[in-house]
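>>> Show me the folded form of this:
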Amino acid sequence: MYWYRVSGLAVASEVNLPGLILGDPDAVPEVTIRRASVPMALDGAVAVGPTWQRSDGRFLLRIPNIARFLLEEGRSIAFEAEQCAEPQDVAVFLSGSVFGVLLHQRNQLVLHASAVLVGGKAVLFCGASGAGKSTLAAALGEHGYPLIADDQCAIEIGDDGIPMIQADGRQLRLWEKSISELGLARRRGDPMRNRLLKFYVDPATASDAAVPIGAVYALTEIRHSEGPEIERPNVVDATKLLAANAYRPMLVHRFGQRDVYFRGGTTIAATSGIFRLKRRLSFDDMPATIMTLRAHWADLGLTGRTP
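Presented below is the predicted three-dimensional model:
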């Protein structure tokens, strides 16, 4: 049995999940992952898509040629690998997309984002795959801002109305070019999947505590030569922007969580701020992007970093 800490949850898994940080084997597991026979269809499905089915408390996901995954009540994941599937590929989906579905099952607000610690608060960078979330978080890590989470961020809003993010405890997932450009080869680990030039990378430093959110940035690529820009949309547009950057946006609708994201987006926009960060996807422009962010953080009262 393997023990991990993922998005604040104690996880017990029958299989090794590379890229995750080991947890406490004495902790009572809140989520279990096991090999088991998984059906091709769910009895009593209330919603069906091309690769998934949902019934009350159960969610069936099939990744063709990889595995079928059955999630129940946000507490357990059973999987059955398909013929010729490599264990490495199954593990990538378990710790990524499948766990993202489980967090939705637990009625959490989950963003497709990476986050770093700035002045005791979490700064999140949202965007679709390829938007540069992990690369920006890695670059900031080299400037003294510890990693909180990579790729998915689970947010909880407490009774006091303060949005909190759970430290995820996983390695960065970076393409070979990003590793080379940022000079991170010394911390590069194994490839995520065979024939894929994307690797697990140890962050320079990491935070393991739940912290309040200081700011959320939706990443947008610009083509012109002007410098990075930060905009603050109105509350309605900010709320829509947050929902658009959910981890697998279709799940927001399928789990009936539009109100969760509306209320969460409104709260985050009011207490922390939701912004658009427009910049070129060029490593030459990374210093300008970081300088722009630091100036904005100073304006927001977010100061401080590790030495």
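>>> low-confidence ranges in the chain?
Filtered on pLDDT under 70, the chain yields the residue ranges 194, 304-307.
>>> just the helices in it please.
In the chain, the helices defined using DSSP state H lie at 87-93, 99-105, 133-141, 176-182, 235-244, 250-254, 258-271, 286-300.
>>> which one of these lies closest to residue 162?
Nearest to residue 162 among these is helix 258-271 (6.8 Å), distances taken as Cβ to Cβ. C-beta coordinates here come from the backbone N, C-alpha and C atoms, glycine included.
>>> CA-only coordinates of the longest strand along the chain in PDB, if you can.
Taking DSSP state E as the criterion, the chain has its longest strand at strand 211-221. The C-alpha coordinates for strand 211-221 follow below in PDB (Å, rounded to 0.1, in the frame of the first residue of the first chain):
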ATOM      1  CA  VAL A 211      -3.600  29.000   3.100                       C
ATOM      2  CA  PRO A 212      -6.100  31.700   2.100                       C
ATOM      3  CA  ILE A 213      -6.200  32.900  -1.500                       C
ATOM      4  CA  GLY A 214      -4.500  36.200  -2.300                       C
ATOM      5  CA  ALA A 215      -5.200  36.400  -6.000                       C
ATOM      6  CA  VAL A 216      -6.400  34.400  -9.000                       C
ATOM      7  CA  TYR A 217      -5.000  35.100 -12.500                       C
ATOM      8  CA  ALA A 218      -6.500  33.700 -15.700                       C
ATOM      9  CA  LEU A 219      -3.600  33.300 -18.200                       C
ATOM     10  CA  THR A 220      -4.100  34.700 -21.700                       C
ATOM     11  CA  GLU A 221      -1.500  34.700 -24.500                       C
END
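>>> one step back: select, out of the helices of the chain, the one closest to residue 72.
Once the helices of the chain are compared by Cβ to Cβ, helix 99-105 is nearest, at 8.3 Å.
>>> circling back to that earlier point, and the longest strand of the chain, how far from the chain's centre?
12 Å (Cα atoms, centre = their mean, to the nearest Å).
>>> helices and strands around it, which ones?
strand 113-118, strand 121-126, strand 163-165, helix 235-244, helix 258-271, strand 274-279, helix 286-300 (3 or more Cβ pairs under 8 Å, 6 or more residues apart in numbering; DSSP states H and E).
>>> among the ones you listed, which is the most enclosed?
Ranked by mean neighbour count, the helices and strands packed on strand 211-221 are led by strand 113-118 with a mean of 29 (mean count of other Cβ atoms under 10 Å).
>>> I'd say residue 40 and residue 68 touch.
Yes: look at residue 40 against residue 68 with Cβ atoms under 8 Å: they come within range, at 7.2 Å.
>>> When these two are compared, which one has more neighbours?
Taking other Cβ atoms under 10 Å, residue 40 and residue 68 do not tie; residue 68 has more neighbours (19 against 9).
>>> so who does the nearest residue to that one once chain neighbours are set aside touch?
Sequence neighbours aside, residue 38 is the residue nearest to residue 68 in space, at 4.2 Å (criterion: Cβ to Cβ, 6 or more residues apart in numbering). Residues near residue 38 by Cβ atoms under 8 Å, 6 or more residues apart in numbering: 60, 67, 68, 69, 70, 78, 79, 80.
>>> mind redoing it with 7 Å?
Shown in contact with residue 38 (Cβ atoms under 7 Å, 6 or more residues apart in numbering): 68, 69, 70, 78, 79, 80.
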